[in-house]
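# Please find the sequence and the predicted model below.
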Amino acid sequence: MRSLILSTLLVLPLPAQDKPAPVRLTPLRVSPASAVSQEIGISKIDLAFARPAVKGRKIWGDVVPFGQVWRTGANNATTLTLSHAAKVAGKDVPAGSYGFFIIPGEKTWTLILNKKAKQWGAYAYKQEEDLLRWEATPQSGPFLEYLDYRVLPTDTSQATVELGWEKLRVSFPIVFDTKAIYWTQLEDKLKQAPETDWVPWYQAAKYCQEQGIEPQKALAWIEKSLKIGDSFWNHETAARIYRDAKRMPEAQVQLQKAIDLSKPGGAPKEYTENLEKELAAWKAPV
C-alpha cells in the first residue's frame, strides 16, 4: 500500500512555481516616439511618429536619399489618422489610419498616404497599396535638430499639416466637411435623447441659431427644451431665436427670464450684467 501511494505521488503533477517576471531595461531610443493630436471642429487629426536627429549629418539627399520612399520619421512608419472623412491636398480620403511616406526630390517631393498604416520603416511598403499620391514643394526654414510635425488649424473645418527637419519644411491641407459632420452628430444625438432632458434640444437649437440655419427646427427644439426644464441657458437661446424671427415681445420675455434665472443660478455677475444691457438695447426705441 505504501509503495502504491508513493508511485501515485510520483506521477501527479507538482504545483506550478510562480516565476518572477523577467527583468528588462527600457530601451533608450535615439529617435524618441512622439504624437501630435489636433481637434478640427468635432473631428480629429492624429500623427504618430518618431523623431530622428540631424547629429551633424547631411540629411536631404544623403541620410534621406532623393528618389526613394522614406518613412517620414524613424522606426515605425509615420501614421496619419482621421476621425472623419476629409479632403487631403484636395483629394477625398475616408476616415481611418494611413501610413505617411514621402519620396523627396531635389525640387519637388511626392507625398503618399498608404492603406497599410502599421509597418516598420518602408521595408514592406508597396506602391499598389497607396491610397493617394500628390506633389508638394519643400520650403526653407529655421534649423530643426529633431524632426517635427505641426498641425495648425486655420478655421473650424481645416488645418495645415507641416513636416519639418533640418532646414526644410513641407506642408499640406486637410479639410473636413464640419457642417455635415456636426449635423450628422446632432441628428444622431437627438434620436437618442430622452424626453426628460432639456439639454440636447437646447444644444441643437443653439447650434442652429449660431450658424444661422434651420430656423424652424431651432424654434421647435428650443420650445421643446423649455417645456422639459428651465435654465438661463435655454431661455437666452430662446430669446435669440425669437429675435431672429422678428418676434421681439417674446424675445424680450425670454431674455428677462434668462436674467432672472441667472441671478440665483450661479451665473457670473458679468453674464447677468451683459444680458441686462442687451435687454435694455432691445427695448430702446428704434
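It's in. Residues are numbered from 1 along each chain as shown.
# Give me the residues contacting the helix or strand where Tyr98 lies.
Assigning secondary structure by DSSP states H and E places Tyr98 in strand 96-103. Under the criterion C-beta atoms under 8 Å, 6 or more residues apart in numbering, residues 47, 67-72, 77-82, 109-119, 122, 125, 131, 163, 170 lie in contact with strand 96-103. For every residue, glycine as well, the C-beta is placed using N, CA and C.
# Sort out which of the residues you listed are in helices and list them.
Judged by DSSP state H, helices contain none of the contacts of strand 96-103.
# For Pro65, grab phi and psi.
phi -70, psi 150 (degrees, to the nearest 10).
# Domain boundaries for this protein, per the record?
33-175, 193-283 (automatic domain parsing).
# centre of the chain versus the longest one, how much separation?
Going back to what we said before, that points to domain 33-175. Taking C-alpha atoms, centre = their mean, to the nearest Å, one finds domain 33-175 lying 17 Å from the centre of the chain it belongs to.
# same question for the strand holding Tyr98, mean pLDDT?
Strand 96-103 shows a mean pLDDT of 97.
# Repeat that for stretch 238-246.
According to the model, stretch 238-246 has a mean pLDDT of 97.
# Also stretch 262-272?
88.
# Give me the buried positions along that stretch.
262, 267, 271-272 (16 or more other C-beta atoms under 10 Å).
# again with stretch 249-263
Within stretch 249-263, the residues that count as buried by 16+ other C-beta under 10 Å are 251-252, 254-259, 261-262.
# Equivalent analysis for stretch 111-126, please.
Neighbour-count burial for stretch 111-126 [16+ other C-beta under 10 Å]: 111-114, 116-117, 119, 122, 125.
# repeat for stretch 44-59
44-45, 47-54, 59.
# Stretch 229-238 now?
So for stretch 229-238, counting by 16+ other C-beta under 10 Å, buried means 230-238.
# what do you get for stretch 142-152?
Under 16+ other C-beta under 10 Å, the buried positions of stretch 142-152 are 144, 146-147, 149, 151.
# Quick one: those residues as TSV, columns for distance to Ala21, secondary structure and pLDDT too.
Formatted as TSV, the buried residues of stretch 142-152 follow (distance: C-beta to C-beta, whole Å; DSSP: H, G, I helix; E, B strand; the rest coil; pLDDT from 0 to 100):
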residue	distance to Ala21	secondary structure	pLDDT
Leu144	40	strand	97
Tyr146	33	strand	98
Leu147	35	strand	97
Tyr149	35	strand	98
Val151	39	strand	98
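# Tell me which two of the residues you listed sit farthest apart.
Taking C-beta to C-beta, the two most distant members of those are Tyr146 and Val151; they sit 16.9 Å apart.
# would you list the domains of the chain in TSV and tack on distance to Ile181?
Shown next, in TSV, are the domains of the chain (distance: least, C-beta to C-beta, whole Å):
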stretch	distance to Ile181
domain 33-175	5
domain 193-283	12
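# out of those domains, nearest to Leu25?
Comparing the domains of the chain by C-beta to C-beta, domain 33-175 comes nearest, at 16.7 Å.
# Contact partners for the residue positioned nearest the centre of the chain?
Nearest to the geometric centre of the chain sits Lys44, at 1.6 Å (C-alpha atoms, centre = their mean). With contact set as C-beta under 8 Å, 6+ apart, Lys44 has these partners: 37-38, 81-83.
# any idea how far Ser31 is from it?
25 Å (C-beta to C-beta, to the nearest Å).
# and what of Gly56?
Relative to Ser31, and taking C-beta to C-beta, Gly56 is found at 15 Å.
# of the buried residues of stretch 44-59, closest to Lys191?
Nearest member of the buried residues of stretch 44-59 to Lys191, counting by C-beta to C-beta, is Lys44, at 23.0 Å.
# Looking at strand pairing, list the partners for the closest one.
Counting by DSSP bridges, Lys44 is bridged to Glu39.
# Quick check, pLDDT for it.
98.
# same deal with Pro142?
95.
# So which elements touch the strand or helix carrying it?
Following DSSP H and E, one finds Pro142 within strand 139-153. Counting contacts by 3 or more C-beta pairs under 8 Å, 6 or more residues apart in numbering; DSSP states H and E, strand 139-153 packs against strand 33-40, strand 43-50, strand 158-175.
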